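*Asks:* Coordinates only, no sequence provided:
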């Protein structure tokens, strides 16, 4: 049983380590697709671990029940053996009194016939045998008590791990739902901006028929109920500054230095962005490679 308990503890430790690694992978994910994949992996594999954990827990309960039944049986055997030992001891006491009363006669007869009496064969003492058996039963009882104690501790560990895994799965599902909602929001910004593709650039315009760069951004975000400032400088303070290489769909990309930006676009997350470029041009999709921004800002 100790071997089984050790294996179970190793299994529990493996689950804790696996869960930790999954969460670490998820924390390191950078893009929405990576976050989604990490969450799905965590949910799927943690659910499998949870199923295995429940199976181990059930097995542990069965083992404890079996050990408890054995302990009860050993307890009854100990009582019977103790009773048998007492009876043998009582018989020996009575026998000692009888032998004492006839000692003189027995001694005389022993002396008279000592030369012709056959050697007495050694026989096992029933009392000694019962005492040995009692010692064995007591040892078995101690081992079963230790086993039950270890199984109780093991089940407590299993219950804690089951609770932790269930919590991790629930957190991953909540995060997955939030990521899905965030992805939908980002996609909505891009979709709103795309409805204005081909409309002319006009300085100071914010739709509906013409736009400048910050006007396009403001209108696209307003479509999802997110208010942004009107100028590029206002908009660059609307979120957290990140590298252009980290820009996801819905992030803003800027040209110029902080506090002195002169152009802004909306990243599509694939190395491109939507923007209203310059007078005489129209709202369009361009690539980072063709006109590279200086930094990006995560608003959502």
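*Replies:* Done, it's in. Because the structure is a prediction, the values reported are computed rather than measured.

*Asks:* from what I can see residue 293 touches residue 256, true?
*Replies:* No - with contacts counted by Cβ atoms under 8 Å, residue 293 stays clear of residue 256, the gap being 9.3 Å. C-beta coordinates here come from the backbone N, C-alpha and C atoms, glycine included.

*Asks:* ok, these two, which is more surrounded?
*Replies:* residue 293 (20 against 16; other Cβ atoms under 10 Å).

*Asks:* Wait, a helix at that one?
*Replies:* No - counting by DSSP: H, G, I helix; E, B strand; the rest coil, residue 293 falls outside a helix, being coil.

*Asks:* Now it. Nearest residue, chain neighbours left out?
*Replies:* Nearest in space to residue 293, with sequence neighbours left out and distances taken as Cβ to Cβ, 6 or more residues apart in numbering, is residue 253 at 3.7 Å.

*Asks:* Could you say which helix or strand holds residue 185?
*Replies:* Using DSSP states H and E, residue 185 falls within helix 126-194.

*Asks:* which residues touch the residue nearest to residue 293?
*Replies:* Contacts for residue 253 (Cβ atoms under 8 Å, 6 or more residues apart in numbering) come out as 244, 247, 264-267, 273, 288, 293, 295-296.

*Asks:* Check the average confidence over the helix holding residue 185, would you?
*Replies:* The predicted model gives helix 126-194 an average pLDDT of 92.

*Asks:* do stretch 46-59 as well
*Replies:* For stretch 46-59, mean pLDDT rounds to 92.

*Asks:* ok, now stretch 291-300?
*Replies:* 96.

*Asks:* can you give me the offset of that stretch from its chain's centre?
*Replies:* Remark: stretch 291-300 is offset 37 Å from the chain centroid, using Cα atoms, centre = their mean, to the nearest Å.

*Asks:* Give me the number of neighbouring residues for residue 149.
*Replies:* Using other Cβ under 10 Å: residue 149 sits among 12 other residues.

*Asks:* mind checking the SS state of the residue nearest to residue 293?
*Replies:* Classification of residue 253 using three-state DSSP returns strand.

*Asks:* residue boundaries of the strands in the stretch 1-150 of the chain?
*Replies:* With DSSP state E, counting those that start in this stretch, there are no strands along the stretch 1-150 of the chain.

*Asks:* which stretches of it form helices?
*Replies:* Under the criterion DSSP state H, counting those that start in this stretch, helices of the stretch 1-150 of the chain are mapped to 2-28, 32-101, 103-112, 126-194.

*Asks:* Check which helices and strands the next helix or strand after the last one is in contact with.
*Replies:* By that I understand helix 126-194. Next in sequence after helix 126-194, counting helices and strands by DSSP H and E, comes helix 213-222. Packing partners of helix 213-222 (3 or more Cβ pairs under 8 Å, 6 or more residues apart in numbering; DSSP states H and E): helix 126-194, helix 232-236, strand 263-267, strand 272-275.
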